[in-house]
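S.K.: structure for the following, please:
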Amino acid sequence: MLLGGNGVGKTCAMANFLAGMALGPDFVNKDFMNLGYFHDCQEIRSKRALKIRIVCDGADMEDLGSVYEQIKEWIPCATFSGKVSGKYFTKIRIPSPDPNKYKETIVDIKTHKQDKVAHAGSNLDAVLFNEPAPKKLYAEEKARVRNGGRVFMFLTPLELAAYLCDIIDTQTIRPDGELFWVKASIWDNCKDIPGTRGILTERAIRDLIFDWEAADPLEVDARVKGDFMHLGGSILKIFNEDVHTIVPKKIEPNWNIYMCVDPHPNKPHFALWVAVTPLNDVYVIAEYPLQNWKNAKHTHLTIRLFGREFNLIESGDHPDYPLMRGCRVKERFGDPNAFKAEYPNNRTTCQIEYENDCNLYFNIDVDNDVTLRLDDIKGRLNYDFKRPVKEMNRPSLYVFKTCPNTIMAMKYFSNKKRADGSYDYKTYDETWKDPIDTLGYILVSIGSWEQPDPRRGWGEESRETSNAIIHDPMFEVL
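M.R.: Below is the predicted model:
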């Protein structure tokens with residue numbers, strides 16, 4: 001996957017890549033594209049024709065289209081055919097430079113606007129995307145290379161590419177070597193910078209950036225550096241995973257620790273533990289559950305069982321939370337909307353059940369203004385991203401890397417997207433709202449760090465409760 005800014009030469013790179021596949025490694029600049037994959041393609045062509053598909057806009061394959069022009073320039077022997085309604089070509093044949101030894105290459109063209117059925121077909125050796133296709137077409141094309149083929153993408157990661165960012169973020173569950181990507185900035189194509197071999201002047205690049213900033217500031221990083229936009233309606237744009245996420249630290253006994261729970265009707269209760277240090281830095285130190293919140297389903301756990309889970313975590317006896325041993329919670333907060341709502345069958349509430357069944361008291365006298373909560377999160381994340389991060393220029397809110405859902409929520413919490421692709425800036429997307437709400441309820445409710453009472457400290461009630469729940473006879477059969 002080549003994530004490139006505008007003006008980088010992504011289509012040119014794709015045409016050169018196609019040349020290496022169809023003609024062999026001797027037909028590309030080995031200083032820059034000496035890839036073993038071209039030898040693999042040559043091995044296939046020694047036995048049969050190489051089968052490739054290009055997915056692009058139909059206009060790209062018209063007589064003056066960008067893909068058509070680049071392939072004609074870099075592969076002059078290619079022949080084009082199969083024009084649809086006299087508009088764009090749908091077939092390319094590339095003869096072998098040594099027909100006695102190697103077979104030809106057959107390329108078929110599909111477009112972003114065709115329906116999913118049109119993208120079905122037999123297995124392919126490779127699929128090349130010129131800019132990202134809609135997600136459903138990407139999935140269909142990926143199925144075409146299920147027998148050992150490859151997918152290559154040459155794109156500027158604007159809004160349509162958001163699903164590809166999810167693929168990259170979840171790559172840790174993939175086998176090593178299955179997913180590779182490189183990034184290229186428009187400045188890599190600046191001829192005024194020594195060593196770049198570029199073709200654009202610095203003035204031309206700065207003019208382009210000026211126009212992009214005026215048209216849509218959210219797209220600038222994607223168009224200049226090849227960075228993902230994530231979602232155009234992203235709320236916490238200041239969040240930077242390299243700056244705001246940290247390797248977990250030892251939980252010090254003098255940290256003030258707070259906990260918040262946001263019950264959900266169709267998912268597990270979401271919980272966060274946050275620590276305030278003597279320097280008034282705020283760390284998100286733990287979250288529950290650890291499973292991907294976006295895909296989480298309804299749970300069988302009752303409030304009593306959730307309480308047991310929380311107390312196991314805080315006692316350090318939960319196998320997934322070893323760093324939490326000795327954690328003493330100063331105060332607990334709950335989503336006021338969910339905690340005070342009465343159950344229709346017995347007129348009790350979530351707050352009452354947690355207190356009666358688990359001896360865990362949750363304060364629900366918290367600010368319910370979502371704008372205020374988001375402003376608090378943004379304020380603690382804030383720093384001057386144009387300057388180096390150092391003591392006088394750093395955020396005060398950090399997330400332990402062991403809290404994947406909070407990190408994903410920071411990155412992808414957004415305004416709701418309409419059917420036409422625009423954003424409703426008065427409504428929030430629900431996918432990652434619960435982790436953000438939970439963090440916000442804590443932050444608007446806490447003050448500066450306080451020295452714990454050395455005679456008692458915080459959380460004595462929680463530790464006693466933990467022992468009571470762990471030894472409750474009802475759990476002996478679990």
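
S.K.: any stretches of the stretch 51-200 of the chain with poor pLDDT?
M.R.: Scanning the stretch 51-200 of the chain for pLDDT under 70 picks out the ranges 85-86, 159-163, 165-178.

S.K.: for the stretch 51-200 of the chain, just list every one of the helices.
M.R.: Assigned by DSSP state H, counting those that start in this stretch, the helices in the stretch 51-200 of the chain fall at 66-74, 135-143, 162-169.

S.K.: right, and residue 90 touches residue 106 too?
M.R.: No: taking contacts as C-beta atoms under 8 Å, residue 90 lies outside contact range of residue 106: 11.7 Å. In this view, the C-beta of every residue, glycine as well, is placed from N, C-alpha and C.

S.K.: wait, residue 451 sits on residue 254?
M.R.: Yes: judged on C-beta under 8 Å, residue 451 makes contact with residue 254 at a distance of 6.8 Å.

S.K.: in terms of neighbours, single out the busier of these two.
M.R.: When residue 451 and residue 254 are compared on other C-beta atoms under 10 Å, the one with more neighbours turns out to be residue 254, at 12 against 8.

S.K.: so the more buried one touches residue 453, yeah?
M.R.: No: contact criterion C-beta under 8 Å: residue 254 and residue 453 do not qualify, at 11.0 Å.

S.K.: contacts only, for residue 320.
M.R.: Counting by C-beta atoms under 8 Å, 6 or more residues apart in numbering, residue 320 makes contact with 290, 313.

S.K.: helix/strand/coil for it?
M.R.: Recorded secondary structure, residue 320: coil (DSSP: H, G, I helix; E, B strand; the rest coil).

S.K.: return the per-residue confidence for it.
M.R.: Reported pLDDT at residue 320 in the predicted model: 93.

S.K.: endpoint to endpoint, stretch 119-138 covers what distance?
M.R.: Counting by C-alpha to C-alpha, to the nearest Å, you get 9 Å between the two ends of stretch 119-138.

S.K.: meant to ask about stretch 74-89
M.R.: Using C-alpha to C-alpha, the end-to-end distance of stretch 74-89 comes out at 17 Å.

S.K.: pLDDT below threshold where in the stretch 201-350 of the chain?
M.R.: For the stretch 201-350 of the chain, applying pLDDT under 70 flags the ranges 216-218, 228-233.

S.K.: what about 50?
M.R.: 231 (pLDDT under 50).

S.K.: could you pull up phi and psi at residue 103?
M.R.: Phi and psi for residue 103, reported as degrees, to the nearest 10, are phi -90, psi 170.

S.K.: OK, contacts around it?
M.R.: Taking C-beta under 8 Å, 6+ apart as the contact definition, residue 103 lies against 45, 46, 47, 48, 49, 50, 96.

S.K.: any chance of TSV for the residues you listed, columns secondary structure and neighbour count?
M.R.: Shown next, in TSV, are the contacts of residue 103 (DSSP: H, G, I helix; E, B strand; the rest coil; neighbours: other C-beta atoms under 10 Å):
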residue	secondary structure	neighbour count
45	helix	22
46	coil	12
47	coil	9
48	coil	10
49	coil	16
50	strand	22
96	coil	20
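
S.K.: pick the one among those residues closest to residue 142.
M.R.: When the contacts of residue 103 are ranked by distance to residue 142 (C-beta to C-beta), residue 50 comes first, at 18.6 Å.

S.K.: ok so, going back, dump the contacts of residue 103 into JSON lines; add distance to residue 246 as well.
M.R.: What follows is the contacts of residue 103, written out as JSON lines (distance: C-beta to C-beta, whole Å):
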{"residue": "45", "distance to residue 246": "50"}
{"residue": "46", "distance to residue 246": "52"}
{"residue": "47", "distance to residue 246": "52"}
{"residue": "48", "distance to residue 246": "52"}
{"residue": "49", "distance to residue 246": "53"}
{"residue": "50", "distance to residue 246": "47"}
{"residue": "96", "distance to residue 246": "54"}
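
S.K.: how's the chain carved up into domains?
M.R.: Split into domains by automatic domain parsing, the chain comes to 2-185, 241-475.

S.K.: which among those is found nearest to residue 194?
M.R.: Between residue 194 and those, the shortest gap by C-beta to C-beta is with domain 2-185, which sits at 15.7 Å.

S.K.: and the closest residue to residue 389 other than its chain neighbours, what element?
M.R.: In this structure, residue 389 finds its nearest non-sequential neighbour in residue 243, 5.8 Å apart by C-beta to C-beta, 6 or more residues apart in numbering. Using DSSP states H and E, residue 243 falls within helix 241-244.

S.K.: next helix or strand past that helix?
M.R.: Following helix 241-244 in sequence order, the next helix or strand is strand 245-246 (DSSP H and E).

S.K.: what's the offset of that next one from the middle of its chain?
M.R.: Centre-to-centre, strand 245-246 and its host chain are 16 Å apart (C-alpha atoms, centre = their mean, to the nearest Å).

S.K.: sheet-wise, list the partners of it with their directions.
M.R.: Here strand 245-246 has these sheet partners by DSSP bridges: strand 397-400 (parallel).

S.K.: same question for the partner strand, mean pLDDT?
M.R.: pLDDT averaged over strand 397-400 gives 97.

S.K.: I'd like the next helix or strand past it.
M.R.: Of the helices and strands lying after strand 397-400 in sequence (DSSP H and E), the nearest is helix 404-412.

S.K.: list the buried residues in that next one.
M.R.: Buried residues in helix 404-412, counted by 16 or more other C-beta atoms under 10 Å: 404, 405, 406, 407, 408, 409, 410, 411, 412.

S.K.: closest to residue 128 among the contacts of residue 103?
M.R.: The shortest approach to residue 128 among these belongs to residue 50, at 12.2 Å (C-beta to C-beta).

S.K.: okay, and the beta partners of the closest one?
M.R.: On the basis of DSSP bridges, residue 50 is bridged to residue 105.

S.K.: how long is stretch 380-389 end to end?
M.R.: Using C-alpha to C-alpha, the end-to-end distance of stretch 380-389 comes out at 14 Å.

S.K.: with just CA atoms, put stretch 364-375 into PDB.
M.R.: What follows is stretch 364-375, C-alpha atoms only, in PDB (Å, rounded to 0.1, in the frame of the first residue of the first chain):
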ATOM      1  CA  ILE A 364     -23.900  10.300  39.500                       C
ATOM      2  CA  ASP A 365     -23.900  14.000  40.400                       C
ATOM      3  CA  VAL A 366     -21.700  14.700  37.300                       C
ATOM      4  CA  ASP A 367     -21.900  17.200  34.600                       C
ATOM      5  CA  ASN A 368     -24.000  15.900  31.700                       C
ATOM      6  CA  ASP A 369     -23.000  18.600  29.200                       C
ATOM      7  CA  VAL A 370     -21.300  16.700  26.400                       C
ATOM      8  CA  THR A 371     -19.700  19.900  25.000                       C
ATOM      9  CA  LEU A 372     -18.100  20.600  28.400                       C
ATOM     10  CA  ARG A 373     -16.800  17.000  28.700                       C
ATOM     11  CA  LEU A 374     -15.200  17.100  25.200                       C
ATOM     12  CA  ASP A 375     -13.700  20.500  25.900                       C
END
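
S.K.: what's in contact with that stretch?
M.R.: Counting by C-beta under 8 Å, 6+ apart, 235-236, 333-337, 339-340, 351, 428, 436-437, 440-441, 443-445 sit against stretch 364-375.
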